[in-house]
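1. Any chance you could fold what I've pasted below:
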Amino acid sequence: MNVAALLQKTARSFGTSPAVSHGAQLCLTYAALADRVQRLAAGFTGRFGLVQGDRVGIAMTNCPAFTEVLYAIWHAGLVAVPINAKLHQREVSYIIENSGARLCMVNRGLEATVGPLCNVTGLLEDVITADSPEYDQLIRVDPVPLVDVDPADPAWLFYTSGTTGRPKGAVLSHRNLLVMTLSYFADNTRGWVTIIHKMIGNKDDFPIRLICFQALNHRFNEVTDTLATSIGQNHD
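-> Sure thing, here's the model as predicted:
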């Protein structure tokens, strides 16, 4: 399995539908997003030699590139390490070093904070800025197929705020994210029941009881909103 499969399935069924917008401007359809994700994943593994399980930091303010970077990380079987864009440089440095991230993706606002950490902090080898010429080169390669991972493999390494000490990394697996995404639909009875019944068959034979499991951190909606949008398109 791989949670990034949700995007690939949606792209096949709803390729021309809007996927990423910035304000009123449409940036990418689902087909275009899926294509860029596959190529960016190829760039991660081909250009930087990243292998399944390697950590990739994401230090970005809100921007369209965040979505394709996140999905490309998962598509390649890598582990996303989101970093709060408001953190001090020393806090960013700690997360990068502690997580073992070899690559960090940033946008223009975070270049000055993360760039100087390259090759001096932990295993960090490269810092790439979204929408830069170097970033564009990563996408100008042939796409790669989705990497099949074990459901228990890590997908998301999120660090706590560290208010009571050093930030601690909380690992969420591909299975965790899929269950979280399905649980998102607990707020939409019709959508959730439709999904479950498609999974188990005859709805008359299986009365449904719902328990909504959520990760114990305030970034729950950041990832589930993204994933639920994909699976929601498939079961509209």
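
2. make it CA atoms for all contacts and neighbour counts henceforth
-> Noted.

3. Spit out the contact partners of the residue most central in space within the chain.
-> Among the residues of the chain, the one closest to the centroid is L70, at 3.1 Å (C-alpha atoms, centre = their mean). For L70, the contacting residues are I58, A80, by C-alpha atoms under 8 Å, 6 or more residues apart in numbering.

4. Can you show me the strands along this protein?
-> When assigned using DSSP state E, the strands of the chain occupy the ranges 18-22, 25-29, 55-59, 79-82, 103-106, 126-129, 154-159, 169-173.

5. In the protein, where is pLDDT below threshold?
-> Scanning the chain for pLDDT under 70 picks out 184-236.

6. Which helix runs longest in it?
-> Ranked by residue count and defined by DSSP state H, the top helix of the chain is helix 30-48.

7. what angle sits between it and strand 55-59?
-> 120 degrees (axes from the mean of the first three to the mean of the last three C-alpha atoms, to 10 degrees).

8. In helix 30-48, which of the residues would be classed as buried?
-> For helix 30-48, a neighbour-count test (16 or more other C-alpha atoms under 10 Å) marks 30-45 as buried.

9. With stretch 104-111 instead?
-> Using 16+ other C-alpha under 10 Å as the test for burial, stretch 104-111 gives C104, M105, V106, N107, L110, E111.

10. So the first one sits against A130, correct?
-> No: counting by C-alpha atoms under 8 Å, C104 does not reach A130; the two are 10.6 Å apart.

11. Export only the CA atoms of stretch 142-151, formatted as PDB.
-> Extracted in PDB, the C-alpha atoms of stretch 142-151 (Å, rounded to 0.1, in the frame of the first residue of the first chain):
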ATOM      1  CA  ASP A 142      10.700  10.600 -16.600                       C
ATOM      2  CA  PRO A 143       8.000   9.700 -14.000                       C
ATOM      3  CA  VAL A 144       8.500   6.700 -11.700                       C
ATOM      4  CA  PRO A 145       5.800   4.200 -10.500                       C
ATOM      5  CA  LEU A 146       4.400   4.300  -7.100                       C
ATOM      6  CA  VAL A 147       6.600   2.600  -4.500                       C
ATOM      7  CA  ASP A 148       4.800  -0.200  -2.600                       C
ATOM      8  CA  VAL A 149       5.500   0.100   1.100                       C
ATOM      9  CA  ASP A 150       4.500  -1.900   4.200                       C
ATOM     10  CA  PRO A 151       1.400  -0.500   5.900                       C
END
